[in-house]
Structures are given as C-alpha cells and as structure tokens.
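A.B. asks: Sequence and predicted structure are below.
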Amino acid sequence: MPTAIRIERTGGPEVLTPADVDPPSPGSGEVLVDVEAAGVNYIDTYQRSGVYRVALPYTPGLEGAGTVAEVGPDVTGIAVGDRVAWQGHPGGYAQRAVVPARVVVPVPDGVSAQTAAATMLQGVTAHYLVNSTYPVAEGETILVHAAAGGVGLLLTQLAKAKGARVIGTVSTEEKERLARAAGADEVIRYTERDFAEAVDELTGGEGVPVVYDGVGASTYEASLRSLRRRGTLVLFGASSGPVPPIDPQVLNSGGSLYLTRPTSGDYTATRDELEWRTGELFAAVSAGELDVRIGATYPLADARRAHEDLEGRRTTGKVLLTP
C-alpha cells in the first residue's frame, strides 16, 4: 500500500502517483498526524494541473483529520493521541502528515474523522462567505452555484440558518433533490435554461444582492447579469476554468457592481479567526444543525479516480481519501 500520493510533474489526474515515502518527523512548531481522512478539493486539481504553481515534487491535500502521533518542539496545547483536523496546509494525501500546530484544531467527541475532514476547508469557506465576504442578512435572496457540491450544500444550510431565501443552480435532477434537502428554496437546472433569466423572474426583475460562484468561466457573465444594483459577485473557485480579465466598465454598466475573489488564508489569518469558524461549524455539526454530506470516499491509491470523478462532475457533497 502506498504511504503518500506524489506529483512529480503537472498535468492530468494521471500524474497523481502512489509512492512509498520516508516517515516524516515534525520540526519546531509542528505535529505529526496519522491521517484517517483527507479532503479532495478543486484547489488540488488546480495545483496538480499547474494552474496554481507549487514546488515539485508535491504531496497534495490541503485538509485532513486524524490522531496526533508525535509532537515537535515548541508545541503547546496538543498531545499525542489528540484527535485533530486541519486546513490550509498541504500533505493530506498520505498516511502520515506533518502539519504546523497553528493550523490544527481539536475535533470534538462524537464527530468522526471523516466528518471533521469534510468540514474543514469547504466548511470554513462556506462560513467566511456568508459571514464575512458578504454577510447574508435575514430576508435576502441569494444565488448559490453548484448548490449540490461540497461548498454549495454547506453554504445553503448556513444561509438558511440566517433566514435567507436561497436560489441554487444544479445540473441534474438528483442534484436538485440534494440542494432542496439542504434547504434551497428555488433550484435552477442551468443545463435546461438561462439561470440569469430565471433569477430575474424569481426576483421580480430586481436581481440578487450576492452571487456565490465557485464555477467560474462558464457562469461569471450570467452571474453578473443576475445581480441587482450594487450587488456583489463572489468568485471563490473556478471548477469550469479560470475567469478571463474583466473590464471594470462591465461593473459600472451592470449597476455599480462589486467583484471579489476571496481565499481561505485571508479569512483564517489569525488563530482566533480559525477557532471561531471551526468552533461554530463543529458546534453546528454536533447539534445536528449542519449536515456534512460525504458523497464519495476513495482509498489513498485511488486519488487519480477521485480527481477524475470530481472534475467530471460525477460527485456530490464532499469527496474524501481514506489512507
């Protein structure tokens, strides 16, 4: 059995190579984690393909959960045997990962390692999107793309908890059922109609104050058309490809629109902020108020297939590797 997945060169899913690597050791301020579950995210595919540059060779995986096996020097508050999770540091596609203690958070009793891993990166993303990037207010109508995806399902639930009306976009009947189960009030199958026209009808011609768009190239133009005057387009991903350069005059002519491209690191820049976001998420999971749907799990050696299925839009909810 491989101990890690390595990328020696950028390219398609075939460059994800199972490998045996030397057991890592934690340095100062680091912990060694026996990984029980690692999240698979679109950002991993960007790094693998070279859209986002990383130093090679590289072990992908920006989130995971497991048990602390060893604690390096200068680490306090974490002990061998603690159940932990992390996000924002690579190396999760492995049986063992060395992680900076500053990004590690405790996993509460009753929350499985798989659920914890599935909550971290996408959960934190959904949390900062609705609480900080554009704080959703009670009574607002918002648009969530890929509403049956990992972020989409969590974002929909968090927005509904704030009292928002959620319009979601999906591609299939099955995904529509999942989005509605998460609380989406209206669901548009973008494969069957122009979603901007549908949003116009659903909002009486006003448009929405915010569009949360993790799809990118194939949706951003219609996302801008879906906004009301002074609305905000939040581009937080690019599953269909990167968005080309935008002429600022488009924002002017669209109604003095706003455009932002957030990233998780800027919303977990301090330990307090990381603990706030993960603490609220785990509390909601423990209370049964947030359903973290794990759509598929793959053995570590099947990382290539996991990427193929994710990029082929054959997955819903969270995709995990289980070393």
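C.D. replies: In hand now; what should we look at?
A.B. asks: And the helices in the stretch 101-250 of the chain, which stretches?
C.D. replies: Secondary structure of the stretch 101-250 of the chain (DSSP state H, counting those that start in this stretch): helices located at 113-128, 150-161, 173-181, 195-202, 220-225, 248-253.
A.B. asks: Columns mean pLDDT on top of those helices, output as TSV?
C.D. replies: Shown next, in TSV, are the helices of the stretch 101-250 of the chain (pLDDT from 0 to 100):
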stretch	mean pLDDT
helix 113-128	97
helix 150-161	97
helix 173-181	96
helix 195-202	98
helix 220-225	98
helix 248-253	96
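A.B. asks: for these, which one sits closest to residue 311?
C.D. replies: Nearest to residue 311, of all the helices of the stretch 101-250 of the chain, is helix 150-161, at 13.8 Å by CB to CB. Backbone N, C-alpha and C define where each C-beta goes, glycine included.
A.B. asks: so what does that closest one touch, helix or strand wise?
C.D. replies: Packed against helix 150-161 by the contact rule (3 or more CB pairs under 8 Å, 6 or more residues apart in numbering; DSSP states H and E) you find helix 113-128, strand 141-144, strand 165-170, helix 173-181.
A.B. asks: in it, what counts as buried?
C.D. replies: The neighbour-count check on helix 150-161 (16 or more other CB atoms under 10 Å) flags 150, 151, 152, 153, 154, 155, 156, 157, 158, 159, 160 as buried.
A.B. asks: and those, which two are the farthest apart?
C.D. replies: Longest span within the buried residues of helix 150-161, CB to CB: 150 and 160, 16.7 Å.
A.B. asks: partner residues bridging residue 168?
C.D. replies: Beta-bridge partners for residue 168, by DSSP bridges, are residue 144, residue 187.
A.B. asks: what's near enough to touch residue 15?
C.D. replies: 7, 8, 9, 48 (CB atoms under 8 Å, 6 or more residues apart in numbering).
A.B. asks: which pair in those spans the largest distance?
C.D. replies: Maximum pairwise distance among these (CB to CB): 11.1 Å, between 8 and 48.
A.B. asks: Have a look at the two and say which one is more surrounded.
C.D. replies: Comparing residue 8 with residue 48 by other CB atoms under 10 Å, the one with more neighbours is residue 48, at 26 against 12.
A.B. asks: Now that one. Nearest residue, chain neighbours left out?
C.D. replies: residue 7 (5.8 Å; CB to CB, 6 or more residues apart in numbering).
A.B. asks: contacting residues for the closest residue in space to residue 241 that isn't next to it in sequence?
C.D. replies: Nearest non-adjacent residue to residue 241, counting by CB to CB, 6+ apart: residue 217, 3.7 Å away. Going by CB under 8 Å, 6+ apart, residue 217 touches 238, 240, 241, 242, 243, 244.
A.B. asks: any idea how far residue 204 is from residue 217?
C.D. replies: Distance of residue 217 to residue 204, given as CB to CB, to the nearest Å: 29 Å.
A.B. asks: What of residue 129?
C.D. replies: 25 Å.
A.B. asks: If you count surrounding residues, which of these two has more?
C.D. replies: Of the pair residue 129 and residue 204, residue 129 is the one with more neighbours under other CB under 10 Å, namely 26 against 8.
A.B. asks: Quick one: low-confidence residue ranges for the chain.
C.D. replies: Scanning the chain for pLDDT under 70 picks out 1-2.
A.B. asks: Where is the longest strand in it?
C.D. replies: Looking across the chain with DSSP state E, the single longest strand is strand 30-40.
A.B. asks: Now do that one: which elements does it pack against?
C.D. replies: Under the contact criterion of 3+ CB pairs under 8 Å, 6+ apart, strand 30-40 touches strand 63-71, strand 83-87, strand 96-100, helix 113-128, helix 303-311, strand 318-322.
A.B. asks: May I see those organised as CSV, with mean neighbour count and distance to residue 288 added?
C.D. replies: Listed next are the helices and strands packed on strand 30-40 as CSV, based on neighbours: other CB atoms under 10 Å; distance: least, CB to CB, whole Å:
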stretch, mean neighbour count, distance to residue 288
strand 63-71, 23, 19
strand 83-87, 25, 19
strand 96-100, 21, 29
helix 113-128, 26, 12
helix 303-311, 20, 28
strand 318-322, 24, 18
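A.B. asks: Need those in CSV (columns: distance to residue 294).
C.D. replies: Formatted as CSV, these follow (distance: least, CB to CB, whole Å):
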stretch, distance to residue 294
strand 63-71, 12
strand 83-87, 14
strand 96-100, 20
helix 113-128, 5
helix 303-311, 12
strand 318-322, 5
